[in-house]
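Enquirer: here is the input, now give the coordinates:
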Amino acid sequence: MPIVDVHIREQSYETRESIAKRITQVIVEETQHPAHAVTVMFHTVNPDYVAAGGEMVDKLLNKSKS
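Expert: Okay, the predicted model is just below:
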C-alpha cells in the first residue's frame, strides 16, 4: 500500500485532485499496485516557513515573479 506525502503550497481542490491522479497513475504503472491501494496525502506548506539553499522560499518566489 504505497503512501505518498506531498508537501505543497495551498492549491485548489481541482489542482490537488489532478496531482493525486497523476501520482497514482505513475505508482500503478511502475509498481503494478492497484489504484485503490495508493494513498496521496497533501500537507499545506506556508512558504514563509521554508528555506532552500539558505534563502527563504517566499523571497525566492518573489524574485521569480520579477
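Enquirer: can you give me the strands for the protein?
Expert: With DSSP state E, the ranges of strands along the chain come out as 3-8, 39-44, 51-52, 55-56.
Enquirer: pull out the buried positions in the first one.
Expert: Same thing as strand 3-8. For strand 3-8, the neighbour count (16 or more other Cβ atoms under 10 Å) marks no residue as buried. Where you see a C-beta, it was placed from the backbone N, CA and C, and this is true even at glycine.
Enquirer: hang on, the earlier thing: I27: which of the strands of the chain is closest?
Expert: Closest approach to I27 among those is made by strand 3-8 (7.1 Å; Cβ to Cβ).
Enquirer: ok, residues contacting the closest one?
Expert: Here strand 3-8 makes contact (Cβ atoms under 8 Å, 6 or more residues apart in numbering) with 19, 23, 27, 38-45.
Enquirer: excluding its backbone neighbours, what's nearest V45?
Expert: Distances taken as Cβ to Cβ, 6 or more residues apart in numbering place H7 nearest to V45, at 4.9 Å, with adjacent residues excluded.
Enquirer: returning to that earlier point: filter the contacts of strand 3-8 down to the buried ones, PyMOL style.
Expert: Remark: buried members of the contacts of strand 3-8, expressed as a PyMOL selection using 16+ other Cβ under 10 Å:
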select buried, resi 19+27+38+40+42
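Enquirer: pick out the lowest-pLDDT one from the contacts of strand 3-8.
Expert: Lowest pLDDT within the contacts of strand 3-8 is found at V45 (93).
Enquirer: ok, that one touching R9?
Expert: Yes: counting by Cβ atoms under 8 Å, V45 touches R9, with 6.0 Å between them.
Enquirer: for the chain, which segments count as helices?
Expert: Ranges of helices in the chain, per DSSP state H, are 13-31, 57-65.
Enquirer: CA atoms of the longest one as CSV?
Expert: Coordinates of the C-alpha atoms in helix 13-31 are reproduced here as CSV (Å, rounded to 0.1, in the frame of the first residue of the first chain):
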residue,chain,number,x,y,z
TYR,A,13,-9.2,21.2,-4.9
GLU,A,14,-9.0,20.7,-8.6
THR,A,15,-5.2,21.0,-8.7
ARG,A,16,-4.8,18.6,-5.8
GLU,A,17,-7.2,16.2,-7.5
SER,A,18,-5.2,16.4,-10.7
ILE,A,19,-1.9,15.9,-8.9
ALA,A,20,-3.3,12.9,-7.0
LYS,A,21,-4.5,11.2,-10.2
ARG,A,22,-1.1,11.7,-11.9
ILE,A,23,0.9,10.4,-8.9
THR,A,24,-1.4,7.4,-8.6
GLN,A,25,-1.1,6.7,-12.3
VAL,A,26,2.7,6.6,-12.1
ILE,A,27,2.7,4.4,-9.0
VAL,A,28,0.3,2.0,-10.7
GLU,A,29,2.4,1.9,-13.9
GLU,A,30,5.7,1.4,-12.1
THR,A,31,4.7,-1.0,-9.3
